[in-house]
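Engineer: sequence and predicted structure, then a few things I'm wondering about:
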Amino acid sequence: MSPASGIPPARLQDLPPKWAHFCLHTENFLHDELGYDLQGRSVVVAFSGGIDSTALLLVLKYLCAKNNAVLTAAHLDHAIRPESGEDAAWAEQFCKDANIRFTKIRRDIPALAREQGVGLEEAGRLARYAFLEETRIAAKADAIFLGHHLDDLCEDMLMRLSRGTGWPGLAGMPGIDNDRHLVRPFLLTPKARLQAFLEALSIQWREDATNADTDCTRNRIRHEILPLFLRENPNFPESVARLWRVGRIDEDYWTTACEIREELIPAETLNKAHKALRLRLYKAGLDHLGPGQALADTLFRLDQAWLEKRTGAMFQFPGKKTARIARKGVVFRHTH
C-alpha cells in the first residue's frame with residue numbers, strides 16, 4: 001500500500017523551529033498545567049485519523065522519543081459509514097509509515113446502539129472508551145491521550161450550560177482525569193493551530209462525514225449554536241480558556257476543602273460554615289457514596305431543612321442515596 005499521508009519527519013529536531021516549539025509547548029502544558037510527566041511512561045493515543053488525533057499522534061511521537069516513553073496508537077472502526085474500513089486501513093498505514101505501534105478493532109456501533117437502546121452518539125462513546133481502556137491495560141500503559149482541543153472545550157461548555165451543570169463543572173471537561181486515565185494535552189489549543197501544524201508538514205488526514213450530522217447534540221452545538229456566540233464575541237474561545245483555568249483552581253480548592261471520609265457531616269462543622277461550603281459538603285457526602293448526580297434543587301431543600309433543624313427529615317437523591325437531618329449533623333446513606 002502506498003503511503004497513507006505525507007511521511008512525517010522522524011525526529012523533533014527535524015521539525016521547522018516554529019513547530020518544534022509547538023511540540024515543546026504541549027509538553028510544558030502537560031507538565032505545568034496538568035501535572036503529567038511523560039518521562040519513561042507508556043501511553044495510548046486515540047487515533048481516528050482526523051485533524052486533532054493525527055496532530056496529537058505526531059506530537060506524542062516526538063515527545064515520547066524525547067522522554068524515552070512508549071507510544072501506541074489505537075483506532076476504533078465504528079462501522080457507521082461505508083468508508084470506515086478505509087479509514088482504519090489509512091490509519092494503520094499512517095502508523096506504519098511513521099513507525100508507530102498500532103492496534104485496531106471493529107465494532108458495529110449501529111448494532112450496539114440497537115442492543116443497548118441508546119443513540120449512535122452514546123453507543124459510539126461507550127464503545128470507544130471501553131476499547132481504549134482495554135488497549136491501555138494490554139499495553140501496560142499509564143494513560144490514554146485524547147485530541148480534544150479548545151474548539152471542543154467551547155462546545156462542551158455550551159453543552160453543560162444547556163444541561164444546567166453547576167459550578168465548577170460548568171468550566172468544561174478536565175485536562176486530566178486520573179480515575180479514567182485520560183489526558184487532554186490540546187485542551188487550550190485551537191483546532192486551527194493543529195491544522196496548520198499538519199499542513200506545515202504536508203500531512204493529510206481523514207474527514208468524518210458524521211461530524212456534519214446535526215441529529216447529534218454536539219454537532220448541533222458546533223454548527224448552529226457556537227457560531228452565534230462567536231459572532232457576538234470573536235474572543236469567546238479565549239474567555240472559555242480563562243474560565244476553564246478558574247474552574248480547575250476552584251475545583252481543586254473545593255475538593256480539598258470538602259473531603260469526606262465518613263457518612264456524616266457533623267453539626268459543629270455545618271453550624272459555622274458559609275452556605276457555599278455547606279452545599280459543597282452535602283454534594284461531597286453524596287459523591288462519597290458512589291455514582292448519581294446530586295440535584296441542586298434538592299441540595300437547597302436539604303440545606304433549608306438543616307437551618308430549620310427539622311430532625312428526621314429525609315431527602316432522596318439519584319443513585320439510591322439519602323441524606324437525613326439528625327441532631328449530630330447530616331447523615332448520608334446508600335439504600336439497597
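Structural biologist: Nice, thanks for sending it over.
Engineer: what helix or strand is Gln316 on?
Structural biologist: strand 314-317 (DSSP states H and E).
Engineer: partner strands of the helix or strand just after that strand, parallel or antiparallel?
Structural biologist: Later in the chain than strand 314-317, the nearest helix or strand by DSSP H and E is strand 321-326. Paired neighbours of strand 321-326 in the sheet (DSSP bridges): strand 314-317 (antiparallel), strand 329-334 (antiparallel).
Engineer: out of these, nearest to Arg193?
Structural biologist: strand 314-317 (42.3 Å; C-beta to C-beta). Any C-beta I mention is one placed from the backbone N, CA and C, and that applies to glycine too.
Engineer: buried residues in that closest one?
Structural biologist: Residues of strand 314-317 classed as buried: 315, 317 (neighbour count, 16 or more other C-beta atoms under 10 Å).
Engineer: before we move on, what about stretch 126-141?
Structural biologist: Those would be 126-129, 131-133, 135-136, 139, 141, for stretch 126-141 by 16+ other C-beta under 10 Å.
Engineer: then that stretch to CSV, C-alphas only?
Structural biologist: Taking C-alpha atoms only, stretch 126-141 is exported to CSV below (Å, rounded to 0.1, in the frame of the first residue of the first chain):
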residue,chain,number,x,y,z
LEU,A,126,-19.2,3.9,25.3
ALA,A,127,-17.5,1.5,22.8
ARG,A,128,-14.6,3.9,22.1
TYR,A,129,-13.7,4.4,25.8
ALA,A,130,-14.1,0.7,26.5
PHE,A,131,-11.7,-0.2,23.7
LEU,A,132,-9.2,2.5,24.7
GLU,A,133,-9.2,1.2,28.3
GLU,A,134,-8.7,-2.4,27.0
THR,A,135,-5.8,-1.2,24.9
ARG,A,136,-4.3,0.7,27.8
ILE,A,137,-4.3,-2.4,30.0
ALA,A,138,-3.0,-4.7,27.3
ALA,A,139,-0.2,-2.2,26.5
LYS,A,140,0.6,-1.7,30.2
ALA,A,141,0.2,2.0,29.6
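Engineer: return the distance of that stretch from the chain's centre.
Structural biologist: 15 Å (C-alpha atoms, centre = their mean, to the nearest Å).
Engineer: do stretch 146-160 as well
Structural biologist: For stretch 146-160, the distance to the chain centre is 9 Å (C-alpha atoms, centre = their mean).
Engineer: so Met156 sits right up against Ala171, yeah?
Structural biologist: Just to correct that, residue 156 is Asp rather than Met. No: contact status for Asp156 versus Ala171: not in contact, 9.5 Å apart, counting by C-beta atoms under 8 Å.
Engineer: need the contact list for Arg180.
Structural biologist: Contact partners of Arg180, counting by C-beta atoms under 8 Å, 6 or more residues apart in numbering, are 129, 133, 144.
Engineer: give me the three-state assignment for the last one.
Structural biologist: Of the three states, Ile144 takes strand according to DSSP: H, G, I helix; E, B strand; the rest coil.
Engineer: against Asp108, how distant is the most centrally placed residue in the chain?
Structural biologist: Nearest residue to the geometric centre of the chain (C-alpha atoms, centre = their mean): Met173, 4.8 Å. Distance, Met173 to Asp108, by C-beta to C-beta, to the nearest Å: 27 Å.
Engineer: equivalent analysis for Gly172, please.
Structural biologist: For Gly172 relative to Asp108 (C-beta to C-beta), the value is 31 Å.
Engineer: which ones are touching the closest residue to Leu270 other than its chain neighbours?
Structural biologist: Once flanking residues are discounted, Leu270 sits nearest to Arg278: 5.7 Å by C-beta to C-beta, 6 or more residues apart in numbering. Arg278 makes contact with 270, 303, 306, according to C-beta under 8 Å, 6+ apart.
Engineer: please pick the buried ones from those residues.
Structural biologist: Applying 16+ other C-beta under 10 Å to the contacts of Arg278 flags 270, 303, 306 as buried.
Engineer: flag the shaky bits of the stretch 101-250 of the chain, pLDDT-wise.
Structural biologist: 209-210, 212-214 (pLDDT under 70).
Engineer: now the strands: where do they sit in it?
Structural biologist: 101-106, 143-145, 176-177, 182-183 (DSSP state E, counting those that start in this stretch).
Engineer: as TSV, those strands with mean neighbour count would be great.
Structural biologist: TSV is the format used below for the strands of the stretch 101-250 of the chain (neighbours: other C-beta atoms under 10 Å):
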stretch	mean neighbour count
strand 101-106	16
strand 143-145	24
strand 176-177	16
strand 182-183	22
